[in-house]
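Asker: no sequence on this one, just coordinates:
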């Protein structure tokens, strides 16, 4: 049985994701699709709109065979670390290929650029540091450094978010000497960050989230952009739990937490460095919302995404010590959901897996899992009692969702 | 000019307090009444119903000449430490007498028992430890230890809260070799903890708080128990800030904070010891309110008051290190309010005071003051924006209230 891996967040699932899932299976001629999916906090430093359980159900209904949680310690990280964790899970699960969506859509360009990066590694690294010191964000610095050092034009546009992520996947495969074949599919959509719903059947997740929070939301309008089962799941979630999750729900806790922290204690939090702690502390008291807070703190160098990730770590009280940033592979595999094919596949792999495969949290006592459980504890705080307590029990007792 | 000191919380001010204030001045033949008052968090481990500013105004209107803040590091402590801080402030301010209300009402009995405590110090200390190990609370253990060791009947009932506090005041005066004459006035009220309003004009602060939170509250009914200016202040506070402050406002933050703490990090918090951290952590997830939480955790040994004080320290993230528990005297004097007489008195004292006298926080950079400012930051979280920000500015910029 041959498996293809995909790396996803599904925040929320839409027609573009359905196309990617279908094509990944088809183009790599696989029997089994394994989705590694971020848990409750995402790569851009945001809470997921709906729980990982709800998003697992969406993935299974759309044809994924196994859904594995990308742990907090990888899901809330910059592209390279995010990719390392996901690729290490897929390698453990012995996937044959990894298929990612990108703006570029041609795998050769990714492989070419990686060769260039290897050849010019040292001078690039220096140039990137130089660009960062000039106040550029990391992606921008990489892009500028490349254009300075490499004379030939680079085919891959490294200011596009899915090209950056894709490059990180391919780099991780090479670095981990994983026997995974990288594969890419052109994303069919206008722009990743678009806030307006598109006129075609494909629109950005950003625009869907935007629409979901509008008071004038016409649910039927969203039906153009996502499978019906996803729309039903989303509406069910809102009905059951009373809300979708946004940063604004967590802002009172973030504010409270920052108010009780000294610069020294803030410095112990993962990613807090270079004096940003003073800027965060001086801005929080006047901030009236999360949006207001980020706008007050953000600079060219401290991008929204970077700040949001810091805020997630402050919110969950995740320290530098806990995150062990050198760790580049995942030490457990947590099953969130499986189809009949997925079940067969995992049973086959299980016997020779070198890391534990976790079905139900309550049966494990792993230090790493504690961070994920804590993230879920914090995530639950957007919900009112007694719904919150019920929601939380899932995390400890729920076995993987079966399809 | 001769001054008498009183130690108060005024949560809220009522006719019993008015009587105490008046009698303190009269019986000690003083020209100036100095009230040392707990800030935003009180001795029983609770947030004050209304801000320290509002309570300062009540005290001035009722005839106090100086209102001094008892800092967080003393106000949220067991009787002996609470008393140490307050007495050290009054000693710095050169009061001639300290006048406290007690159930007992006869100062000789306080002095007698202190002699007995000194004579039997060592064996009493051992017996108290023994009673605590048997699961008794501290006040109960002291009372039992005394009855075991001292054959003659003890006139002072040490299970009554104001007798305990009074004894601590007298002990602190002796220990600090302060030239302050202790004086006590019998409290005229039924019971400190009574929840029902009394039929006389004196009722417990507990019963007033209870009445204030009832939806069927008839404001005029409260007019029997407090001066009109206090009732007006209370109603103004509710109108301006939208609420009185209760533990339930802070419970979501306490819960969030506990959810992100490990037993080891919880152990760094002041007063957390003997394994109570595990009990707190295992009870918080299921707790639906502060009341529910305390009821889940409380035992004979861990009394409500002791647990509430722990919760205040968790809420404000106050560590063992920060509290320096050996410190027995206050290192600054923070003026909250003064009358014309008080102003004259403080100007006179100021020249020879060995500790700084703080009028406006923004002019000081004192490590100790930071804990008080942080306590106010946290206290403000019960209020909605933009009212909260306005409220908070007071703490930094407001000079003492003048009467």
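Answerer: Happy to help now that I have it. Since this is a predicted model, take the numbers as computed values, not measurements.
Asker: make it CA atoms for all contacts and neighbour counts henceforth
Answerer: OK.
Asker: can you pull the contacts of residue A:149?
Answerer: A:120, A:123-124 (CA atoms under 8 Å, 6 or more residues apart in numbering or on different chains).
Asker: tell me the one of those residues nearest chain B?
Answerer: Relative to chain B, the closest of the contacts of residue A:149 is residue A:124; by CA to the nearest CA it sits at 39.5 Å.
Asker: any regions of chain A where pLDDT drops low?
Answerer: Applying pLDDT under 70 to chain A picks out residues A:189-194, A:325-327, A:365-368.
Asker: quick check: most distant residue from the centroid of it.
Answerer: Using CA atoms, centre = their mean, the residue of chain A lying farthest from its centre is residue A:151. It sits 33.4 Å away.
Asker: residues near residue A:386, how many?
Answerer: 11 (other CA atoms under 10 Å in any protein chain shown).
Asker: now, of the contacts of residue A:149, which are buried?
Answerer: Neighbour counting over the contacts of residue A:149 (16 or more other CA atoms under 10 Å in any protein chain shown) leaves residue A:124 as the buried ones.
Asker: for the contacts of residue A:149, which one is nearest residue B:338?
Answerer: Ranked by distance to residue B:338 (CA to CA), the contacts of residue A:149 are led by residue A:124 at 66.7 Å.
Asker: mind checking how far the closest one is from residue A:130?
Answerer: 10 Å (CA to CA, to the nearest Å).
Asker: and residue A:183, by the same measure?
Answerer: From residue A:183 to residue A:130 the distance is 33 Å (CA to CA).
Asker: do residue A:337 as well
Answerer: Distance of residue A:337 to residue A:130, computed by CA to CA: 45 Å.
Asker: for residue A:231, same thing?
Answerer: 47 Å.
Asker: before we move on, what about residue A:328?
Answerer: Relative to residue A:130, and taking CA to CA, residue A:328 is found at 26 Å.
Asker: who has more neighbours out of those two?
Answerer: Neighbour totals were compared for residue A:328 and residue A:130, and residue A:328 leads with 20 against 14 (other CA under 10 Å).
Asker: where along the stretch 51-200 of chain A do the strands fall?
Answerer: Using DSSP state E, counting those that start in this stretch, the strands of the stretch 51-200 of chain A run over A:66-70, A:97-102, A:181-186.
Asker: how far off centre is the shortest one?
Answerer: Between the centre of strand A:66-70 and the centre of its chain there are 12 Å (CA atoms, centre = their mean, to the nearest Å).
Asker: next one: the last one
Answerer: Between the mean C-alpha point of strand A:181-186 and the mean C-alpha point of its chain there is a distance of 18 Å (CA atoms, centre = their mean).
Asker: now do the contacts for the residue nearest to residue A:256 when sequence neighbours are not counted.
Answerer: Nearest residue to residue A:256, sequence neighbours excluded (CA to CA, 6 or more residues apart in numbering or on different chains): residue B:378, at 6.8 Å. Shown in contact with residue B:378 (CA under 8 Å, 6+ apart): A:256, A:259-260, B:315-316.
Asker: looking at those residues, which has the most residues close by?
Answerer: Neighbour max across the contacts of residue B:378 (other CA under 10 Å) = residue B:316, 26 neighbours.
Asker: so what secondary structure elements neighbour the helix or strand hosting residue A:390?
Answerer: Assessed by DSSP states H and E, residue A:390 sits inside helix A:387-397. If you count contacts as 3 or more CA pairs under 8 Å, 6 or more residues apart in numbering or on different chains; DSSP states H and E, helix A:387-397 packs onto helix A:367-379.
Asker: any idea how far the residue farthest from the centre of chain A lies from residue B:17?
Answerer: 84 Å.
Asker: for residue A:277, same thing?
Answerer: To residue B:17, residue A:277 is 45 Å away according to CA to CA.
Asker: of all the contacts of residue B:378, which two lie farthest apart?
Answerer: A:259 and B:315 (10.7 Å).
Asker: residue numbers of chain A in contact with chain B?
Answerer: For chain A, the contact set with chain B under CA under 8 Å from any CA of the partner chain comprises A:253, A:256-257, A:259-261, A:285-286, A:288, A:316-317, A:374, A:377-378, A:381, A:385-386, A:389.
Asker: what do you get if the cut-off is 10 Å, keeping everything else the same?
Answerer: A:252-257, A:259-262, A:285-289, A:314-318, A:370-371, A:373-378, A:380-381, A:384-386, A:388-390, A:392-393 (CA under 10 Å from any CA of the partner chain).
Asker: just the buried residues of those residues.
Answerer: If we count by 16+ other CA under 10 Å, those have these buried: A:252-257, A:259-261, A:285-289, A:314-318, A:371, A:373-378, A:380-381, A:385, A:388-389, A:392.
Asker: neighbour count winner among residue A:277 and residue B:17?
Answerer: Neighbours per residue (other CA under 10 Å) separate residue A:277 from residue B:17, with residue B:17 holding more: 22 against 19.
Asker: using the three-state scheme, assign the more buried one.
Answerer: helix (DSSP: H, G, I helix; E, B strand; the rest coil).
Asker: for residue A:262, what are its contacts?
Answerer: Residues in contact with residue A:262 (CA atoms under 10 Å, 6 or more residues apart in numbering or on different chains) are A:277-278, A:281, B:370, B:374.
Asker: ramachandran coordinates for it?
Answerer: For residue A:262, the backbone dihedrals (degrees, to the nearest 10) come out as phi -90, psi 160.
Asker: if I look at it, how far off is residue A:276?
Answerer: 13 Å.
Asker: how far does stretch A:52-70 sit from the chain's center?
Answerer: With CA atoms, centre = their mean, you get 14 Å for stretch A:52-70.
Asker: quick revisit: TSV please, covering the contacts of residue B:378 and showing secondary structure and distance to residue A:304.
Answerer: Below are these laid out as TSV (DSSP: H, G, I helix; E, B strand; the rest coil; distance: CA to CA, whole Å):
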residue	secondary structure	distance to residue A:304
A:256	helix	21
A:259	helix	21
A:260	coil	23
B:315	helix	29
B:316	coil	29
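Asker: quick one: the residue nearest to residue A:256 and residue A:31, what's the gap?
Answerer: 56 Å.
Asker: one more: residue A:24?
Answerer: 11 Å.
Asker: and the two? Which one has more around it.
Answerer: Counting neighbours by other CA under 10 Å for residue A:24 and for residue A:31 shows that residue A:24 has the greater number, 25 against 15.
Asker: and residue A:53, how far is that from residue A:32?
Answerer: 20 Å.
Asker: those two: who's more crowded?
Answerer: Each of residue A:53 and residue A:32 has its neighbours counted (other CA under 10 Å); residue A:32 has more, 22 against 19.
Asker: residue A:184: neighbour count?
Answerer: 23.
Asker: which ones are touching it?
Answerer: Residue A:184 is in contact with A:20, A:23-24, A:27, A:98-108, A:110, A:163, A:166, counting by CA under 10 Å, 6+ apart.
Asker: again, only using 6 Å
Answerer: The neighbours of residue A:184, taking CA atoms under 6 Å, 6 or more residues apart in numbering or on different chains as the test, are A:99-101, A:105, A:107.
Asker: need those residues in CSV with neighbour count, can you?
Answerer: Output for these, formatted as CSV (neighbours: other CA atoms under 10 Å in any protein chain shown):
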residue, neighbour count
A:99, 27
A:100, 27
A:101, 25
A:105, 20
A:107, 19
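Asker: quick one: which of the residues you listed is nearest chain B?
Answerer: Of these, the one sitting nearest to chain B (CA to the nearest CA) turns out to be residue A:100, at 34.3 Å.
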